[in-house]
Each structure stands twice: as structure tokens, then as C-alpha cells.
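1. Mind looking at a prediction? Sequence and model below.
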Amino acid sequence: MIVIMGATGATGGAALRSLAELGVPSRALGRDPGRLAAGLTDHTRRLVEPVFADAGDQGSLCEAFKGARQLFLTMANGPQQVEHELRAIDLAVAGGVQHIVKISAPAAEPDSPVAVSRGHHRIEEHLRASGVTATILRPYAFMQKLLLLAPGIAAAGLMHGAMGDAPCNYVDCRDIGDVAAAALTRPEIAGGTYHLTGGRAYSHPELAGLLSQLLGRPVRYLDLAPGELHAHLVQRAGMPDWLAAHVVEIQQLAAARPEVPDDIATRLTGRAPRTLEAFLREHLDRFH
């Protein structure tokens, strides 16, 4: 049995759907199994077992891991992420799980300039020391996160950032799900560490230009100093302080380490990753 943590999230949901497309059953964990079940298609429903589990509830995790041999581990970034993921790894291993596929992040290093990446490094090291097969996926920026820019673009044709003209790798969460499903079903690729990108990196000015073209009206990118972007995200976008700091850190990382696409997703899935233009066209109504 394959257990999917974070099954209601973008990457967890994508992994669940990718496995279902392959005809592989899974157990989807969430705090609201009814909501999980309601979101399944008829095809997916017959292959998915929705189960209650809370990352902060040890008993529910122990129950959810019973009989499982593989775990897809992803959790939303947050102050308790390291604690929760370390606990999930320990309980999964104790319950008999033999292979864990973890969603990590680029620059998962002990001295990373991104606090969340330092946390992922700690989790990765703990996972590797656990004795089970560890597959690490390090995706770059999610295309789905660009939808957070939609209200500002729809209202004022404006997007903010602190990256200058540095390129940024964007990857569709559905491609991450496809790679995760491959790692969970093909033993020959399990145990690796894989950086995942889309097919092209875009700077914020290039992204504004692409949106302008697709929308048929101007979209402007306003480049801010890091402190100004942090203040904007907290005061105008309503982000909690830690999340605003994270956004600024990853944008500054992209500026310091120019990002270049790779072909790992293509090699693992056998097809080219979804393009940013196709993703934006799919969700263009959100930007109007």
C-alpha cells in the first residue's frame, strides 16, 4: 500500500491522481476524509482509500501507516513542518514503511540562505539515516503559486517582486506528481535525489510580458528592494511574517544563483514537462 500525506494539497493531490491514472491504489490522508472523498472522480474513487490523519496526532498517523510499504511525504511550509515531517518519518519506519518519497526544496543545505530549505536539509538527513529507501524530489517554484498574483494583476495589471531580471524555474505540480508516481512504481529510480524544473526559466519581466500577450493588455512588473517586498506582502497581501520572509528569501536566492532548467522530469516521465504558457492559458480567467 502507498500512503499519500498532504493529499488535499497541490503536490499530494497530483501524486494521488498520477497513481490512479496508472491504476495503482493508494491511501490518502487528511483531516477531513469526507472532503477528500468528495473531491475524487469516479475513476479515482475506486483506487483511493481516504483516511483521517493529522500530522500533529501521533495515534492517527500510526493507524494510517498500518500495512503501508511506501509513503509520499509532503507538507505545507510552516513553522511546524520540520517537527511534523520528522515524526511522520519515524512513525512510518516503525510501522513497516520501506520507501519514502519526500518533497524537498532547492538549496536544501545546512547553511542555505532560505530558512525553509535549511529545514528540508535537516529532514532529508534524518530520512537518509532512517534505513529505508529515500527518494528526494527538489522542485523549483510551483506554477500553481503564480495564481496568488492573479488578484493584483486583475485589479491593477501589476505584479511585485525582488528578483530584478533573474530567471526563475517554474514547474507544474502535476509534473511533480507524475515524477512521484514514477518513483513509487519503478524501483530502478527509487533512492535518488532529483531536482525538478519546467522546460524554461522566466524572469519576472518576461512573465509580465507573457501575461500581457495572453491577456491582451499591459501587465507591469514592479521590482522592489527585499525589505519593501516583505512589507508589501505583509501589509497589502496579508501574509504572515514568516511566509513573507520565505518569499523574499527564495527570490533573493534565484537572483544570487541564476536558475537553469534541466531535463530530469523528462527523463523520469518520458515526456516534456508542461509549459508555463499552457498553464497560464488554462487559468487565464483568474487574471482578468
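-> Received, thanks. Model, not experiment: these values are computed from the prediction.

2. give me every residue that touches the nearest residue to residue 18 once chain neighbours are set aside.
-> If the residues on either side of it in the chain are set aside, residue 18 comes closest to residue 181, at 3.7 Å by Cβ to Cβ, 6 or more residues apart in numbering. Heads up, the C-betas are built off the backbone N, CA and C, glycines and all. Residue 181 sits next to 15, 18-19, 21-22, 24 when contact means Cβ atoms under 8 Å, 6 or more residues apart in numbering.

3. Are any of those buried, and if so which?
-> Using 16 or more other Cβ atoms under 10 Å as the burial test, these include 15, 18-19 as buried.

4. Now tabulate those in JSON lines and tack on secondary structure.
-> Converted to JSON lines, these look like this (DSSP: H, G, I helix; E, B strand; the rest coil):
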{"residue": "15", "secondary structure": "helix"}
{"residue": "18", "secondary structure": "helix"}
{"residue": "19", "secondary structure": "helix"}
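
5. for those residues, which one is nearest residue 241?
-> Looking at those and their distance to residue 241, the nearest is residue 15, at 30.4 Å (Cβ to Cβ).

6. is it true that the closest one touches residue 183?
-> No. Between residue 15 and residue 183 there is no contact under Cβ atoms under 8 Å: 9.5 Å.

7. in the stretch 151-288 of the chain, which spans are helices?
-> Secondary structure of the stretch 151-288 of the chain (DSSP state H, counting those that start in this stretch): helices located at 173-185, 204-215, 226-235, 241-256, 264-269, 276-282.

8. To residue 110, which of the ones you listed lies closest?
-> helix 241-256 (15.1 Å).

9. CA atoms of that closest one as CSV?
-> Extracted C-alpha coordinates of helix 241-256, given in CSV (Å, rounded to 0.1, in the frame of the first residue of the first chain):
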residue,chain,number,x,y,z
ASP,A,241,5.6,37.4,8.6
TRP,A,242,7.4,34.0,8.2
LEU,A,243,5.8,33.4,4.8
ALA,A,244,6.6,36.9,3.5
ALA,A,245,10.2,36.3,4.7
HIS,A,246,10.3,33.0,2.9
VAL,A,247,9.1,34.5,-0.4
VAL,A,248,11.7,37.2,-0.2
GLU,A,249,14.4,34.6,0.6
ILE,A,250,13.6,32.4,-2.3
GLN,A,251,13.5,35.4,-4.7
GLN,A,252,16.9,36.6,-3.5
LEU,A,253,18.2,33.0,-3.9
ALA,A,254,17.1,33.0,-7.5
ALA,A,255,18.9,36.3,-8.0
ALA,A,256,22.1,35.1,-6.4
